[in-house]
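**Student:** just the structure for this:
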Amino acid sequence: MKRVILIVLDSVGAGALPDAALFGDAGANTLGHIAERMPLNIPHMRALGLGHLPGLSIPADENAKGVYGRAAEKSMGKDTTTGHWEMAGIILPHPFPTYPNGFPQDVIAAFEAAIGTKTLGNKPASGTAILDELGDEHMRTGYPIVYTSADSVFQIAAHEDVIPVPRLYELCEIARKQLVGQHAVGRVIARPFVGPGKGQFKRTGSRRDFSLPPIAPTMLDALKDAGKQVLGVGKIEDIFALQGLTGSNHAAGNPACIDAALEYMRQDFDGLLFVNLVDFDSAYGHRRDVEGYGKALEYFDARLPEFYDLMGDEDLLIITADHGCDPAHHGTDHTREYIPILCRKNSMAQLSDIGTRETYADIAATICDYFDLPQRFGAKSFKKSLED
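**Tutor:** This is a model prediction of the structure:
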């Protein structure tokens, strides 16, 4: 039995990419800026080599053991779907469409006709600010709030007492079927919320993402086709539209997702456990909450030994990210950054540097190589660096 545990710290970027200025992200550095503003107590990630990465302001642990490096994003994007798809082997030739001025009127009109009601919003907005702006009107009229961001998303917000969550999911499914071709956004996102009025609205854990199905086979498909188990935790099932998965736990929030991942590890399986920890991005990065982000990193780090205790001799842990969301940067959007790569087998006795990888897809190549499967992703495996 052999297992790979791939944990995505959603938005934990490791410094601006050379082309970051094209995305308005010059100088972004999620990890570096947090470490500059507060002392980070993350000894276990430092013990895997995190402090050896350049430009992070994180002290290097000279006794570190493991494999460390970073990867550049080859696809032209900085969103969740693009990042996860690339680390799974899909390098997108074109970015997903974005809507800095809101969606075209014909798109909104078709959606309103299909759901039988008008909508509110139709503009880029912060997910919390738009609730304060339009939440009361939504409760009076019953009209769903439609908005977007710098990412390729069609987001629908609704109060759970006005539009019940199952109906909100239906609205998202309608939008997902309509948004194809030139308007094939990466994700349609259900954003349920509760609260009595402006200033008291809060989004709930019933968020759900409706992604495009992957446009090509991924490492998930390769592993599943080879008879391996592929288990998703958190929004992995949404990002890949369940394609390539053999099991999933749609837990919400970092603590619940960590608990779900550990529960899977207590079971015998041969294959991949793919985990997304979304709170870094949604609760702290987009909110530009440096202290909250730092404390979330410390919480994750403190729980890492629980993973180590459940790892067998052939198990491989990979910790990475999907993009940046620098809480010390301007705006509230994702940031175009390198992602860290930290690897551990319990038997590792030294520290190895895999350098800067040309694409996130090297992760897919390595995982397929680790299971002795051919990879078709045009990427380079670093399996040899994982040898004890």
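**Student:** what about the chain, any weak spots by pLDDT?
**Tutor:** Residue ranges of the chain with pLDDT under 70: 388.
**Student:** which SSE is the residue located most distally from the centre of it in?
**Tutor:** Distance from the C-alpha centroid of the chain peaks at residue 140, with 34.3 Å (C-alpha atoms, centre = their mean). Applying DSSP states H and E as the criterion places residue 140 in helix 129-141.
**Student:** and what of residue 215?
**Tutor:** Per DSSP H and E: nothing holds residue 215, as it lies in no helix or strand.
**Student:** was I right to think it contacts residue 90?
**Tutor:** Yes. Using C-beta atoms under 8 Å, residue 215 is in contact with residue 90, at 6.5 Å. (C-beta placed from N, C-alpha, C; glycine too.)
**Student:** the more surrounded of these two?
**Tutor:** Remark: of residue 215 and residue 90, residue 90 carries more neighbours, 22 against 11, as counted by other C-beta atoms under 10 Å.
**Student:** and the closest residue to that one other than its chain neighbours, how many neighbours?
**Tutor:** Of all residues not flanking residue 90 in the chain, residue 216 sits nearest, at 5.3 Å (C-beta to C-beta, 6 or more residues apart in numbering). For residue 216, the count of nearby residues is 13 (other C-beta under 10 Å).
**Student:** pretty sure residue 216 sits against residue 88.
**Tutor:** No. Counting by C-beta under 8 Å, residue 216 does not reach residue 88; the two are 9.8 Å apart.
**Student:** still on that earlier bit, after the helix holding residue 140, next one along is what?
**Tutor:** Trace forward from helix 129-141 with DSSP H and E and the next one is strand 145-148.
**Student:** parallel or antiparallel, list what pairs with that following strand.
**Tutor:** Here strand 145-148 is paired, per DSSP bridges, with strand 120-124 (parallel), strand 153-159 (antiparallel).
**Student:** gap between the closest residue in space to residue 228 that isn't next to it in sequence and residue 219?
**Tutor:** In this structure, residue 228 finds its nearest non-sequential neighbour in residue 271, 3.4 Å apart by C-beta to C-beta, 6+ apart. Distance, residue 271 to residue 219, using C-beta to C-beta, to the nearest Å: 11 Å.
**Student:** who has more neighbours out of these two?
**Tutor:** residue 219 (29 against 22).
**Student:** is it true that residue 341 touches residue 359?
**Tutor:** No. Shown here, residue 341 and residue 359 do not form a contact pair, counting by C-beta under 8 Å, at 11.7 Å.
**Student:** hey, what's in contact with both of the two?
**Tutor:** residue 71 (C-beta atoms under 8 Å, 6 or more residues apart in numbering).
**Student:** ok, these two, which is more surrounded?
**Tutor:** residue 341 (28 against 21).
**Student:** can you tell me the element residue 273 falls in?
**Tutor:** Using DSSP H and E, residue 273 sits in strand 271-277.
**Student:** mind saving the C-alpha coords of stretch 74-93 as PDB?
**Tutor:** Included here for stretch 74-93 are C-alpha records, laid out as PDB according to Å, rounded to 0.1, in the frame of the first residue of the first chain:
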ATOM      1  CA  LYS A  74       2.500  28.400 -16.400                       C
ATOM      2  CA  SER A  75      -1.200  29.000 -17.100                       C
ATOM      3  CA  MET A  76      -2.200  32.600 -17.400                       C
ATOM      4  CA  GLY A  77      -4.300  32.900 -14.300                       C
ATOM      5  CA  LYS A  78      -4.300  33.200 -10.500                       C
ATOM      6  CA  ASP A  79      -7.500  31.600  -9.500                       C
ATOM      7  CA  THR A  80      -8.400  28.400  -7.600                       C
ATOM      8  CA  THR A  81      -9.500  26.300 -10.700                       C
ATOM      9  CA  THR A  82      -6.500  27.300 -12.800                       C
ATOM     10  CA  GLY A  83      -4.100  26.500  -9.900                       C
ATOM     11  CA  HIS A  84      -5.600  23.200  -9.000                       C
ATOM     12  CA  TRP A  85      -6.000  22.000 -12.600                       C
ATOM     13  CA  GLU A  86      -2.300  22.900 -13.300                       C
ATOM     14  CA  MET A  87      -1.000  21.000 -10.300                       C
ATOM     15  CA  ALA A  88      -3.200  18.000 -11.500                       C
ATOM     16  CA  GLY A  89      -1.600  18.200 -15.000                       C
ATOM     17  CA  ILE A  90      -3.700  20.700 -17.100                       C
ATOM     18  CA  ILE A  91      -1.800  23.800 -18.300                       C
ATOM     19  CA  LEU A  92      -4.500  26.100 -19.700                       C
ATOM     20  CA  PRO A  93      -3.700  27.700 -23.100                       C
END
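**Student:** packing partners for the strand holding residue 273?
**Tutor:** In terms of contacts (3 or more C-beta pairs under 8 Å, 6 or more residues apart in numbering; DSSP states H and E), strand 271-277 is packed against strand 3-9, helix 219-225, strand 229-233, helix 236-239, helix 254-265.
**Student:** show residues contacting the third one.
**Tutor:** With C-beta under 8 Å, 6+ apart as the contact definition, strand 229-233 has outside contacts at 220, 223-224, 240, 244-249, 251, 257, 260-261, 264, 269-276.
**Student:** chain center to that strand, what's the gap?
**Tutor:** 15 Å (C-alpha atoms, centre = their mean, to the nearest Å).
**Student:** partner strands of that strand, parallel or antiparallel?
**Tutor:** The strands beside strand 229-233 in its sheet (DSSP bridges) come out as strand 247-249 (parallel), strand 271-277 (parallel).
**Student:** dump those strands into JSON lines; add distance to residue 325 as well.
**Tutor:** As requested, the strands paired with strand 229-233 are exported to JSON lines (distance: least, C-beta to C-beta, whole Å):
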{"stretch": "strand 247-249", "distance to residue 325": "24"}
{"stretch": "strand 271-277", "distance to residue 325": "13"}
